[in-house]
Each structure stands twice: as structure tokens, then as C-alpha cells.
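Trainee: Coordinates only, no sequence provided:
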Ligand code: G3H
Ligand code: 13P
Ligand code: ZN
């Protein structure tokens, strides 16, 4: 059942975080739905602008509609990840999306507000909710000074002003995470102090953590042992997800880790079966492994086992 992101946030706020998983193909969709049913978790399925452009955007929508029929017990929202204005308007008009993210965080503060407000007005008119972003996500390098690093993080006072002026429904905050497989150097980690201040300014307001893949070292090792060359990769400690949830983080975005599962399965398959060329064989392994991976993530997020409670809330 496709539901509004807002309801999922109401169910989760302050208790656990909803996993927001990016998909690009059928195998990811099947693994994601299976994993969320196996762990009895509500979830958010994310389609990025890049995923919409990968093939025809209608293919992904069609797959999600089909998955909804194949897994009638699933409860999930459909979200546009990192949209620009054009993608947001397109998704709002499509009537298929539960929520859109307008990412104007690279613009000046005032321009970010202006753009976000335009999207909020258009989306709310259609009952669609909006995630916005404030602050700069980026790899935190060890040589960067503390003041330089803080300048990129979300400013808690600005966060309150931004939400008040845009009317957005959730806010992606920069607290030290970054996209991809190379998030930290040395002993850097998340800035829970900043998160705590943001929550104080915005009590009860859903916050979003992008760039939350854990980049498991054993996964990277397996990839490299099967011919990969991913060196110095590092991610977010998944045991911190629940702490973040208690501080208002209600949606946690995970994409890279799923790509690592795909890479490991396919590299190992072709290393161990050089004579094979049937795409369905590694595809089947991937769907199973991806479902297992989703179960593990949902356990860390605390969303595992929440499906029954969410269903009750919806009825
Ligand atoms: O935050 C970005 C997501 O990982 C989506 O990546 O734009 O390559 O689809 P993508
Ligand atoms: P990762 O690259 O850490 O998986 O982050 C994904 C993300 O933030 C999608 O919006
Ligand atoms: Zn992101």
C-alpha cells in the first residue's frame, strides 16, 4: 500500500527511523520489498533524478506498482530523491509520488528558501509533502579546521527560520555525513551536538539524514578480493541510527551500501563461474542478498517489526 510520507513520519518520530532506499532496477525493487516484508518494516522507496533518467521514468513507476501487487502487505511511500525544480514539478504532476525532495542546498540561503517555497506551494496543493535540504553534505576531511567544518553543517537557528519560511515538511540536515563510499577520513564521525541543537529548535519536526551508508568493511574486502579496487572506503556506524532517531531523525537514506551488495554478488559470481553468462543466476542471488541486507538495516533503524502498528495507524 502506497501511503503518504507524512503518516510514516508521524508513526516513527522520536522512536525509530524509516529506511529510505534508492532503487534503479527490478532486482533492487524485489529485494527491497521482500526484505521489508521479512522484517515487517514500513519503508520509503526513493527514485533519484539519475534513476529516472537511467531508463524511461515510467519503467520504475510501473515496477513499483507491480511490486505493490506482488507484496500486498507492504506499506511504503514513494519519494523523489534530490530533485531539482523541473523533476519536482514533474513528480507532483504525475500523481504517483508521496513526497518530493527539492535540493537547492547548493544555492544561497535566500535562494534556497525561494525555490523550496515554490515547490512546497505546488506540492501541498496536491497533497504531496516536501523534503528540503539545508547545509552542505560533504566528506569531512581530517585537515579541515573545526570552524571550516562547522560552517558546512546545518546551522540550527537557520534551520528553524528555513522551516518557518518555506513550510517544508521535513528537513535534510548536514551533520557530517556525505554521499558515496568515502565519507570520513581518520576518526571523524557524526555531529550529534548539532543534531541535538536542531531538534531543540524544531521539536517534533522530522529530520532526514542523507549519506547514511555504512560501507561495511567485510563487503569492501570481498569486492576487492573478487577483482574490485575500492580503497579507503568508510561509512556511518549503523549502531548510531537509533541515537539519531531519538534526536528527531525520522528518515535515513541508504543507497551506496546496496550498490556494494550488487557489486560483491556480481564480482564473486563471475570470478567463481567464468563460464557463465546467464544474467538470471547472479540476479537471483542478488535479490536474496539484497533482501537480507534490508532486514539488517531495518533492525538497525528500529523500523523492523513496526508494520503492524503502522497498519493500525492507517486504518
Ligand atoms: O544521494 C544520491 C543517491 O545515492 C542517488 O544517487 O543520483 O546516482 O541515483 P544517483
Ligand atoms: P549513501 O551514498 O550514503 O548511501 O547516501 C544515499 C543518499 O543520501 C540518497 O539520497
Ligand atoms: Zn542524498
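Mentor: Right, received. Where do you want to start? As the structure is a prediction and not an experimental result, all values here were calculated from the model. Ligands and ions are numbered 1, 2, ... in the order given.
Trainee: so what strands line up beside the helix or strand containing residue 252?
Mentor: Secondary structure from DSSP states H and E places residue 252 in strand 249-254. Strand pairing for strand 249-254, determined by DSSP bridges: strand 18-22 (parallel), strand 207-209 (parallel).
Trainee: most tightly surrounded among those?
Mentor: Highest mean neighbour count of these: strand 18-22, a mean of 28 (counted as mean count of other C-beta atoms under 10 Å). (Glycine included, C-beta is placed from N, CA and C.)
Trainee: Quick one: check the strand ranked longest in the chain for contact with ligand 3.
Mentor: The strand that spans the most residues within the chain, counting by DSSP state E, is strand 76-83. No. Interface with ligand 3: strand 76-83 contributes nothing (C-beta under 5 Å from the ion), its closest point being 5.6 Å away.
Trainee: what angle sits between that strand and strand 18-22?
Mentor: Relative orientation of strand 76-83 and strand 18-22, computed by axes from the mean of the first three to the mean of the last three C-alpha atoms, to 10 degrees: 60 degrees.
Trainee: for strand 76-83, packing partners?
Mentor: Strand 76-83 is packed against helix 5-12, strand 18-22, strand 43-48, helix 49-54, helix 85-94, strand 99-102, with contacts defined by 3 or more C-beta pairs under 8 Å, 6 or more residues apart in numbering; DSSP states H and E.
Trainee: Would you tell me which residues of the stretch 51-200 of the chain are close to ligand 2?
Mentor: Listed as neighbours of ligand 2 in the stretch 51-200 of the chain under the rule C-beta under 6 Å from any ligand atom: 81-82, 179-180.
Trainee: Report the rounded mean pLDDT for stretch 165-176.
Mentor: Averaging pLDDT along stretch 165-176 gives 97.
Trainee: and that stretch, how far out from the chain's middle?
Mentor: Mean C-alpha position of stretch 165-176 versus that of the full chain (C-alpha atoms, centre = their mean, to the nearest Å) differs by 14 Å.
Trainee: and stretch 299-313, anywhere near ligand 2?
Mentor: No. Stretch 299-313 lies out of reach of ligand 2 by C-beta under 6 Å from any ligand atom, never closer than 13.4 Å.
Trainee: Chain neighbours aside, what residue packs nearest to the residue of the stretch 151-300 of the chain at minimum distance from ligand 1?
Mentor: With C-beta to the nearest ligand atom as the measure, residue 255 is the residue of the stretch 151-300 of the chain nearest to ligand 1, at 3.4 Å. Excluding the flanking residues, the one nearest residue 255 by C-beta to C-beta, 6 or more residues apart in numbering is residue 22, at 3.9 Å.
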